[in-house]
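S.K.: Fold the following, please.
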Amino acid sequence: MLRTETRHAIDPATAKTLDTDQLRDHFHVAGLFADGEINLVYSHYDRLILGSAVPAGKALTLDKVEATGTATILERREMGVLNIGDTGTVSVGGEDYELETGEVLYIGMGAGPVTFAGAGRFYVLSAPAHQTYPTTLIKLKDARRVEMGARETANERVIIQFLHPEVCKSCQLLMGYTQFAEGSVWNTMPAHLHDRRMEAYLYFQLPENQRVFHLMGEPSQTRHIVMANEEAVISPPWSIHAGAGTSSYTFCWAMAGDNVDFTDMDMVAMGDLR
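M.R.: All right, here's what the predicted structure looks like:
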């Protein structure tokens, strides 16, 4: 079963006027991972698609998506797939790729239908592309690891980069995830902006009774959205994207926009946040 939802872009002036429910309607994504379903959200921010596929014992094929207006989803797009479940298989272009927990598959433009099988819980991201790069399975040992933060500031973490110029070529999609050490809870602080591209977060490996308070909005007009395990949030180019949890957690970050320079960001001083 395929379910698709569209989220339209709004400007920061409008975002200032939204109450909690309205903020969640525009930016919060819940209920993604459902057994036997493919669920997609088509965002008008840089036309990023985020979603999930949970085979749960039967194969699921992702092919035509009405929102893209093409014969198959990858006709003019690329895709990244992260497995946050047990071992699963992704089949594309006549090849089967076995993904262990925490591994990522990059799928290039024009690869055709994508089939998900096995015990995986697949997080799916797709962005428009103008060039084809080879479909590549990226094992954990091949990802780029960047250790940052400190226990004293409650942000000791490792950034694991998969779709990154130094790991795997892509057209515009950047993707990886950040894992926190026990007792560390703050992400992406001091905050930053990158007006040249949007971002999406998936929070996972968060205990059921814990939450992450995701911070968004312009630096002078911050808002928060309360996130549970395996929920996603869409971050517009004009918004900060940071947060703190009631326990440690992991989040998958993905970006689409004008460039693939991971460090292209405009820092926000702590004293400028409101």
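S.K.: how about the strands in the stretch 1-150 of the chain?
M.R.: Here the stretch 1-150 of the chain has its strands, by DSSP state E, counting those that start in this stretch, at 2-7, 28-29, 37-43, 49-54, 60-62, 77-83, 88-92, 95-99, 104-107, 114-118, 122-128, 136-138, 144-148.
S.K.: Of the ones you listed, which is nearest R274?
M.R.: Closest to R274 of the strands of the stretch 1-150 of the chain is strand 28-29 (C-beta to C-beta; 21.7 Å). (Glycine included, C-beta is placed from N, CA and C.)
S.K.: State the paired neighbours of the closest one in the sheet, together with their directions.
M.R.: strand 231-235 (antiparallel) (DSSP bridges).
S.K.: Which residues are in contact with the closest residue to D96 other than its chain neighbours?
M.R.: Spatial nearest neighbour of D96, excluding adjacent residues (C-beta to C-beta, 6 or more residues apart in numbering): T89 at 5.4 Å. Going by C-beta atoms under 8 Å, 6 or more residues apart in numbering, T89 touches D96, Y97, E98, L99, F116, A117, G118, G120.
S.K.: Could you report the distance from T89 to V41?
M.R.: To V41, T89 is 24 Å away according to C-beta to C-beta, to the nearest Å.
S.K.: ok, back up a step: got the contacts of T89 as CSV, with pLDDT columns?
M.R.: Compiled in CSV, the contacts of T89 are given as follows (pLDDT from 0 to 100):
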residue, pLDDT
D96, 98
Y97, 98
E98, 98
L99, 98
F116, 98
A117, 98
G118, 97
G120, 97
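S.K.: so P207 sits right up against S247, yeah?
M.R.: Yes - with contact defined as C-beta atoms under 8 Å, P207 counts as touching S247 (5.7 Å).
S.K.: between those two, who's got more neighbours?
M.R.: Taking other C-beta atoms under 10 Å, P207 and S247 do not tie; S247 has more neighbours (16 against 13).
S.K.: And the more buried one, what's its pLDDT?
M.R.: Looking at S247, its pLDDT stands at 97.
S.K.: residue contacts, the nearest residue to it once chain neighbours are set aside?
M.R.: Leaving aside its chain neighbours, S247 sits nearest to Q210 (4.3 Å; criterion: C-beta to C-beta, 6+ apart). Q210 makes contact with N229, G245, T246, S247, Y249 under the criterion C-beta under 8 Å, 6+ apart.
S.K.: Emit the ChimeraX select command for whichever of the contacts of T89 are buried.
M.R.: Only the buried entries of those go into this ChimeraX selection, using 16 or more other C-beta atoms under 10 Å:
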select :97,99,116,117,118,120
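S.K.: who wins for most neighbours among the contacts of Q210?
M.R.: Highest count within the contacts of Q210 by other C-beta under 10 Å belongs to Y249, 24 neighbours.
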